[in-house]
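# Based on what follows, work out the 3D shape:
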Amino acid sequence: LPLAISFFTFQQIAFLIDSFRNETNRSNFINYCVFITFFPQLIAGPIVHHSEIIPQISNTFLKRKNFKNISLGFFIFSIGLFKKVVMADNFSLWVNEGFDEAKILYFFEGWFTSLSYTFQIYFDFSGYSDMAIGTGLLFNFKLPANFNSPYKSRDIQDFWRRWHITLSRFLKEYIYIPLGGNKKGKLKTYFNLMTVFIIGGIWHGAGWTFIFWGFLHGLGIIINRLWKSIGITIPHFVSWFITF
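Numbering: from 1, shown residues only. Predicted coordinates:
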């Protein structure tokens, strides 16, 4: 498959749907191409919406040097680079040793390897997003945030508000709400949620393991909503620990 197809495909789907709904402003072909192929976030996000980028392309402000954006861009880029090179790449050494090289993983080794992967994938993905946002600022482009301390989440629904925020936004606006959202009763709401997360699983990779991964997250969201409907509350630390 072409590199980054999952990202730029979603951006074009959003543009096509909004055009069909007459919700897009007329823009020329060059601006559209810049929007789709904008290199800082092309490979791994964030998934940007046309209403965020195309108006910025047409803004003459882009052509001016803005030293505040340049300094802020380098700062955010440096944070992302540190996450990727220092944090994620070092965690990946333990992950590869545990998952790829070790013949047997005992209790502690298994947990250590799994937790290492937990932090590797976060620092890798959020680090890249930070680098994309920082690079965008160097050109006076403001890209949306993609992570907001997801491992501080106290339930699975809160997690998906904090993890890969732009993907959650797309799935909500272009799949969940058109299916009816939560407006057609509880069973239909649960069906819509499960559909959204299975599609989200397929987006991550074309394989049964990813579909099952999406199913597990959909099941977690449904259980979470059922739990909230009962009205039972548990201490913050306990809810965080269970979610993590």
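
# Averaged pLDDT, the longest helix anywhere in the chain. What do you get?
Criterion DSSP state H: the longest helix present in the chain is helix 107-138. Averaging pLDDT along helix 107-138 gives 95.

# pLDDT below threshold where in this structure?
Low-confidence segments of the chain (pLDDT under 70): none present.

# in it, which spans are strands?
Assigned by DSSP state E, the chain shows no strands.

# Mind listing what's buried along the longest helix of the chain?
Buried positions in helix 107-138, judged by neighbour count with 16 or more other C-beta atoms under 10 Å: 113, 116-117, 119-120, 122-138. C-beta here means a position set from N, CA and C on the backbone, and glycine is covered the same way.

# Backbone torsions only: list them for the most centrally placed residue in the chain.
Among the residues of the chain, the one closest to the centroid is H164, at 1.7 Å (C-alpha atoms, centre = their mean). The phi/psi pair for H164 (degrees, to the nearest 10) reads phi 40, psi 60.

# Quick check: it touching F125?
Yes: between H164 and F125 there is a contact under C-beta atoms under 8 Å: 7.4 Å.

# shared neighbours of these two, anything?
146-147 (C-beta atoms under 8 Å, 6 or more residues apart in numbering).

# follow-up on the earlier one: for the residue nearest to the centre of the chain, which residues are in contact?
45, 125, 146-147.

# Who wins on neighbours among the residues you listed?
Within these, most neighbours by other C-beta atoms under 10 Å means N146, with 26 neighbours.

# That one: what's it in contact with?
Neighbouring residues of N146 by C-beta under 8 Å, 6+ apart: 45-46, 125-126, 129, 133, 164-166.

# Now with 7 Å, please.
45-46, 129, 164-166 (C-beta atoms under 7 Å, 6 or more residues apart in numbering).

# Quick one: those residues as CSV, columns for distance to K188 too.
Below are the contacts of N146 laid out as CSV (distance: C-beta to C-beta, whole Å):
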residue, distance to K188
G45, 30
P46, 30
S129, 33
H164, 25
I165, 25
T166, 26
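
# Nearest spatial neighbour of H50, chain-adjacent residues omitted?
Closest residue to H50 apart from its sequence neighbours, by C-beta to C-beta, 6 or more residues apart in numbering: F15 at 4.9 Å.

# My read is that F119 contacts F91, right?
Yes: using C-beta atoms under 7 Å, F119 makes contact with F91 at a distance of 5.2 Å.

# How many residues are close by the residue nearest to H50?
Neighbour count for F15, taken as other C-beta under 10 Å: 20.

# go on, N59?
Neighbour tally, N59, other C-beta under 10 Å: 12.

# Quick check: it vs F119, distance?
Spatial separation of N59 from F119 under the definition C-beta to C-beta, to the nearest Å is 38 Å.

# got it, and Y151?
With C-beta to C-beta as the criterion, Y151 and F119 are 8 Å apart.

# try T233
29 Å.

# And N146, by the same measure?
Distance, N146 to F119, by C-beta to C-beta: 17 Å.

# same deal with F82?
For F82, the distance to F119 (C-beta to C-beta) stands at 14 Å.

# Let me see the contact set for N192.
Contacts of N192 by C-beta under 7 Å, 6+ apart are 176, 179-181.
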